[in-house]
Every structure is written in C-alpha cells, then in structure tokens.
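Student: what's the 3D shape of this:
(one chain, ligands or ions: 1)
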Amino acid sequence: MSQLKYKRVILKVSGEALAGSEGRGINPEVIAHLAMEVKKIHDMGVQIGIVCGGGNMWRGETGANLGMERAQADYMGMLATIMNGLALQDALENLGVPTRVQTSIEMRQIAEPYIRRKAIRHLEKGRVVIFGGGTGNPYFSTDTTAALRAAEINADVILMAKNGVDGVYSADPKIYPEAVKFDELTQLDIIAKDLKVMDRTASSLSMDNNIPLIVFNVNEAGNIKKVIEGENIGTVIKG
Ligand code: UDP
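Tutor: Alright, predicted model coming up:
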C-alpha cells in the first residue's frame with residue numbers, strides 16, 4: 001500500500017478548472033477527468049472535502065462592475081458554486097464514489113445544509129463531501145471557504161488544483177517566460193510579494209491556523225495522487 005502523507009484534505013477546485021479551454025461553463029471531459037483523479041485518492045483511503053469555485057459561471061465582482069449591488073451579485077456567485085458542486089457529485093457518483101453535497105445556504109431539496117460534525121462523520125465513513133455555496137457570505141471567496149473548511153474539519157492540507165499551471169511563479173509564466181517557479185513559500189511571502197495564489201483573507205486564515213497549501217496542475221493524470229504521496233510536483237506554501 002502506498003504511503004499517505006496526508007489523510008484528510010480539502011481540495012479546492014476553481015470554476016476555471018471545470019471549464020476546460022473555453023474558460024466558461026462545465027466541460028464534461030474535464031469534470032470526468034477530475035472525478036477520476038479524486039477517485040484515485042479516495043481508493044487509497046484519503047478523506048476528501050472539496051470546495052468548488054464558481055468563476056466559470058459568475059463572479060460577484062463582474063456583476064458589481066456592471067453596476068449590480070455587490071452582495072446581490074455575490075449571492076449569484078455562491079449559487080454558481082453549488083451548480084458546480086452538483087455536477088461534480090454527478091461525475092463522482094458515475095464512478096461509484098459515495099458523495100454528499102453540503103451547502104452553506106440551505107437548499108434541502110437538493111443538498112444537505114452544512115453541518116460541521118455531519119461533514120466529519122461523512123468523511124470518516126469514506127464519503128467525499130462537496131462544500132457548495134462558499135462561506136454563505138458575500139464579499140468572501142471560495143479560497144477563503146477552503147481555508148475555513150480546512151480549519152473546521154481539521155484537514156492536513158489544502159490542495160489547490162490549478163488548470164494547466166504547475167505551481168506558483170514569480171510572474172505569470174504565460175506572459176513572462178523567464179518567470180521562475182517556487183518550490184516552497186510561506187503565506188507571508190504570498191502576502192508580501194503580492195503573489196496571485198489566494199486572496200489575503202484566505203492567506204491569513206490559512207496562516208493563522210497553520211494549514212499548509214499545495215498548488216499543483218490537476219490536468220496531468222496522477223498528480224493528485226503524487227501530491228498525496230508527498231511527491232514535490234507543485235509549490236508548497238507553509239502555513
Ligand atoms: N462567493 C461569495 N462568498 C463566498 C464564496 C464565493 O460571495 O464565501 C461568490 C463571489 O461572488 C465569487 C463567486 O462566489 O466571485 C465565485 O467564487 P470564486 O470567485 O471564489 O470562484 P473561483 O475563482 O474559485 O472559480
């Protein structure tokens with residue numbers, strides 16, 4: 001049996017990571033690939049909580065820029081994360097992975113409400129728990145949700161699944177080919193260097209609670225498994 005470096009994880013999947021190259025909507029092949037990757041570590045006995053983003057459908061900031069009231073636009077964003085969560089649940093269940101969706105905003109007909117103790121119980125029973133709806137509050141992000149849920153469920157690590165980017169770089173490698181990749185950073189480096197990894201609220205929450213973060217490319221098959229086995233394939237950010 002392979003070595004598990006991390007036994008309970010929060011996997012943060014941005015909306016973009018579900019969209020494929022179009023950048024919008026949900027791409028069925030991409031979501032099936034992601035589900036297969038999750039299944040691999042589920043089969044190894046890892047307890048998995050997933051926080052879904054919503055940027056592939058809607059961001060509160062976009063609405064605010066169009067003149068909408070920010071909180072209203074943010075609630076729309078939270079609903080987008082729940083749609084992604086349901087799609088991911090469907091893809092995981094197609095592979096026979098037992099899954100529960102818990103939402104921070106109650107939607108009893110389609111998902112359970114978020115109840116921390118119940119989420120932990122599901123994890124212990126080997127069910128993947130998908131956390132939808134972000135924190136349930138406007139002005140926050142799903143990165144902050146990942147840090148919050150990771151602290152609440154006592155996760156060993158937050159896995160930041162990136163779409164085609166294999167870690168944190170000194171500058172955007174798509175624009176600046178000379179940008180260098182960091183193997184290891186601290187949350188203070190992220191804040192001080194203003195690196196685009198997660199927003200400041202999420203960074204400080206992770207730092208205050210000593211939760212490490214690993215940024216890695218989820219597009220390559222086997223990468224989540226490699227991270228779980230402790231292989232250094234992305235950027236590790238110490239809490
Ligand atoms: N959102 C929010 N509160 C939260 C989490 C998310 O208001 O606690 C809204 C916010 O409008 C955000 C949108 O949901 O723009 C989608 O989430 P996010 O931008 O974090 O998704 P990602 O970038 O990971 O796809």
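
Student: In this structure, where is pLDDT below threshold?
Tutor: 1-2 (pLDDT under 70).

Student: please redo it, this time with the cut-off set to 80
Tutor: Low-confidence segments of the chain (pLDDT under 80): 1-3, 239.

Student: Quick check: the residue of it positioned farthest from its centre vs the ligand, distance?
Tutor: Most distant from the centre of the chain: residue 67, at 28.5 Å, with distances by C-alpha atoms, centre = their mean. Using C-beta to the nearest ligand atom, to the nearest Å, one gets 15 Å for the distance from residue 67 to the ligand. No exception for glycine: its C-beta is placed from N, CA and C like everyone else's.

Student: Please apply the same query to residue 66.
Tutor: 13 Å.

Student: same question, residue 97
Tutor: In terms of C-beta to the nearest ligand atom, residue 97 sits 22 Å off from the ligand.

Student: which SS state does that residue fall under?
Tutor: coil (DSSP: H, G, I helix; E, B strand; the rest coil).

Student: what's the burial count for it?
Tutor: Neighbourhood size, residue 97 [other C-beta atoms under 10 Å]: 19.

Student: Equivalent analysis for the one 10 residues further on, please.
Tutor: For residue 107, the count of nearby residues is 16 (other C-beta under 10 Å).

Student: Check for me that residue 151 belongs to a strand.
Tutor: No: under three-state DSSP, residue 151 falls outside any strand and is assigned helix.

Student: pretty sure it contacts residue 204?
Tutor: No: if you go by C-beta atoms under 8 Å, residue 151 and residue 204 don't touch, sitting 11.8 Å apart.

Student: Now do the strands in this protein.
Tutor: 8-13, 47-52, 99-103, 112-113, 128-132, 157-162, 168-169, 181-182, 184-186, 213-217, 235-238 (DSSP state E).

Student: Compile those into TSV and extend it with columns for mean neighbour count and distance to the ligand.
Tutor: Supplementary listing: the strands of the chain in TSV, determined by neighbours: other C-beta atoms under 10 Å; distance: least, C-beta to the nearest ligand atom, whole Å:
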stretch	mean neighbour count	distance to the ligand
strand 8-13	26	7
strand 47-52	26	8
strand 99-103	21	12
strand 112-113	16	15
strand 128-132	28	10
strand 157-162	26	10
strand 168-169	22	16
strand 181-182	16	21
strand 184-186	15	20
strand 213-217	23	13
strand 235-238	22	17
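
Student: right, and these - which one's nearest residue 143?
Tutor: When the strands of the chain are compared by C-beta to C-beta, strand 8-13 sits nearest residue 143, at 6.6 Å.
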